[in-house]
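here is my input; please provide its structure:
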Amino acid sequence: MHLSTIEYAKARFSTVAEVAQALRVSNMTVYRLISSGQLAAVRVGKSYRLRDEDVDRYSRAFHRSRLSRNPPACERGFVSESTKSLPSPAMADRVVRRIPEPTVVRLPVYQRALLTLSTCGVQTVSSAELAEAAGVNAAKVRKDLSHLGTYGTPGTGYDVSFLLGQVRRELGLDREWQVVIVGMGNLGHALARSQTFATQNFRAAALFDIDPGKIGEEVAGLPVRHVCELAKVVAASAGPSA
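Residues are numbered from 1 along each chain as shown. Below you'll find the predicted structure:
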């Protein structure tokens, strides 16, 4: 990028780290954007400086591009009307990189905290509040959630309902999973009848046990089968492609 002396004097610049923080992406992502020509930058010694105006222009163009390719839930383009938050630029990287395993491990913790907040009617939550509920620090929460392709709005926070949906999607809980329960003791009976189990989109499709005294018993509308039938039932459920 070439700037005149007057333009350079009037411009406001940010470092790579500052831009990464503003866009909620990693420093490496910013370097890739510079290398690919998507973000203009000037070289200052061994480092780069990016003009705030160019960063804002890129951010607006990025969101317009996403909105044109993927129509949003609401026509104004916000992922949440309550927080006016937008999709994160990190979403573009997410399709080519895996979410770190430690983040995946923490997602169920966030889900439980968000579910509690949602049940209580809380509409927005800050990273600090979510961190306290989940037992981690706020910086880790923000980093983890950036991998989901979403971020909150400073001073307002995250939309609880939208974020809960994002977490459930990553955990695969946005679709139904058929499961079999093997062992119809007290725990097996509890799982088969559990409403919580069902609300997490896990549906008991078959029940099994090895105890002859329990074979044929009906639990939650399903008969208890002998475990020797397990392979046959699973194969039948999977269909011809199994």
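
buried residues in the longest strand that the chain contains?
Of all segments of type strand in the chain, defined using DSSP state E, the longest is strand 202-209. By neighbour count with 16 or more other C-beta atoms under 10 Å, strand 202-209 contains the buried residues 202, 204, 206-209. For every residue, glycine as well, the C-beta is placed using N, CA and C.

all helices for this protein, in order.
With DSSP state H, the ranges of helices along the chain come out as 5-10, 16-23, 27-35, 52-69, 90-94, 101-119, 127-134, 138-146, 160-170, 186-193, 195-199, 230-238.

any chance of these in JSON lines, plus mean neighbour count, mean pLDDT and distance to residue 153?
Converted to JSON lines, the helices of the chain look like this (neighbours: other C-beta atoms under 10 Å; pLDDT from 0 to 100; distance: least, C-beta to C-beta, whole Å):
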{"stretch": "helix 5-10", "mean neighbour count": "10", "mean pLDDT": "50", "distance to residue 153": "29"}
{"stretch": "helix 16-23", "mean neighbour count": "18", "mean pLDDT": "82", "distance to residue 153": "13"}
{"stretch": "helix 27-35", "mean neighbour count": "17", "mean pLDDT": "75", "distance to residue 153": "20"}
{"stretch": "helix 52-69", "mean neighbour count": "14", "mean pLDDT": "71", "distance to residue 153": "14"}
{"stretch": "helix 90-94", "mean neighbour count": "18", "mean pLDDT": "43", "distance to residue 153": "16"}
{"stretch": "helix 101-119", "mean neighbour count": "16", "mean pLDDT": "86", "distance to residue 153": "17"}
{"stretch": "helix 127-134", "mean neighbour count": "19", "mean pLDDT": "83", "distance to residue 153": "11"}
{"stretch": "helix 138-146", "mean neighbour count": "19", "mean pLDDT": "88", "distance to residue 153": "12"}
{"stretch": "helix 160-170", "mean neighbour count": "20", "mean pLDDT": "87", "distance to residue 153": "12"}
{"stretch": "helix 186-193", "mean neighbour count": "14", "mean pLDDT": "92", "distance to residue 153": "40"}
{"stretch": "helix 195-199", "mean neighbour count": "11", "mean pLDDT": "78", "distance to residue 153": "29"}
{"stretch": "helix 230-238", "mean neighbour count": "12", "mean pLDDT": "83", "distance to residue 153": "44"}
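
and residue 15, how far from residue 55?
Between residue 15 and residue 55 the distance, using C-beta to C-beta, to the nearest Å, works out to 11 Å.

same check, this time on residue 32
Residue 32 is 15 Å from residue 55, by C-beta to C-beta.

and the helices of the chain: which comes nearest residue 224?
Between residue 224 and the helices of the chain, the tightest spacing by C-beta to C-beta is seen for helix 186-193, at 8.7 Å.

domains of the chain?
5-69, 90-170, 177-238 (automatic domain parsing).

endpoints of stretch 178-189, how far apart?
Start-to-end span of stretch 178-189 (C-alpha to C-alpha, to the nearest Å) is 16 Å.

use 93 as the first number for this chain going forward.
That works, and once the first residue is 93, the last one we named lands at stretch 270-281.

which residues does that stretch contact?
By C-beta atoms under 8 Å, 6 or more residues apart in numbering, the list of residues contacting stretch 270-281 from outside reads 283-284, 294-301, 303, 306, 309, 311, 316, 319, 322, 325-326, 329.

cool, and stretch 210-224?
Applying C-beta under 8 Å, 6+ apart, the contact partners of stretch 210-224 are 174-175, 202, 205-206, 209, 225, 229-234, 237, 244, 248-253, 255-256.

just the CA coordinates for that stretch, please, in CSV.
Taking only C-alpha atoms (Å, rounded to 0.1, in the frame of the first residue of the first chain), the coordinates of stretch 210-224 have been written out as CSV:
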residue,chain,number,x,y,z
SER,A,210,-32.1,-19.5,28.9
THR,A,211,-34.5,-21.3,31.3
CYS,A,212,-34.3,-18.4,33.6
GLY,A,213,-35.3,-16.0,30.8
VAL,A,214,-31.9,-14.3,30.5
GLN,A,215,-31.5,-12.9,27.0
THR,A,216,-27.8,-11.8,26.9
VAL,A,217,-24.7,-12.8,28.8
SER,A,218,-21.2,-11.3,29.0
SER,A,219,-18.1,-13.4,28.6
ALA,A,220,-17.3,-12.7,32.3
GLU,A,221,-20.7,-14.0,33.4
LEU,A,222,-20.5,-17.1,31.2
ALA,A,223,-17.0,-17.7,32.5
GLU,A,224,-18.1,-17.6,36.1
